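[1] just need the structure, nothing else, for what follows:
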Amino acid sequence: MTLREIVARNLRRLRQAKGLSQEELAHRAGLDRNYIGYLERSKNSPTVDTLERIAAELDCDPAAFFSRPE
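    Prediction:
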């Protein structure tokens with residue numbers, strides 16, 4: 001599994017754990033809903049700044065995006 005895929009899986013998991021839709025997360029983070037979808041499908045690689053914005057909206061440490069699934 002690539003790092004991009006790990007970030008994608010964790011982003012989806014963290015978003016769903018907060019009960020947010022892609023659209024709601026995108027709105028809160030000032031991003032496009034399609035972009036969130038691309039990230040979750042590992043079609044795009046987010047910048048560090050983008051991960052920081054998303055983490056703030058998900059109330060998590062940005063490092064959480066990089067944890068390997070068990």
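[2] can you get me a residue count around residue 5?
    For residue 5, the tally of surrounding residues (other C-beta atoms under 10 Å) stands at 12. Quick note: C-beta positions are derived from backbone N, CA and C, even for glycine.
[3] now for it: which residues touch it?
    Taking C-beta atoms under 8 Å, 6 or more residues apart in numbering, we find residue 5 in contact with residue 42.
[4] could you tell me the average pLDDT over the helix or strand in which it is found, please?
    Assessed by DSSP states H and E, residue 5 sits inside helix 3-17. Helix 3-17 shows a mean pLDDT of 96.
[5] skip the chain neighbours and tell me the closest residue to residue 2.
    residue 42 (7.4 Å; C-beta to C-beta, 6 or more residues apart in numbering).
[6] correct me, but that neighbour touches residue 8?
    Yes: the criterion here is C-beta atoms under 8 Å, and residue 42 meets it with residue 8 at 3.9 Å.
[7] looking at those two, which has the bigger crowd around it?
    The neighbour count for residue 42 versus residue 8, taken as other C-beta under 10 Å, is higher for residue 8 (22 against 17).
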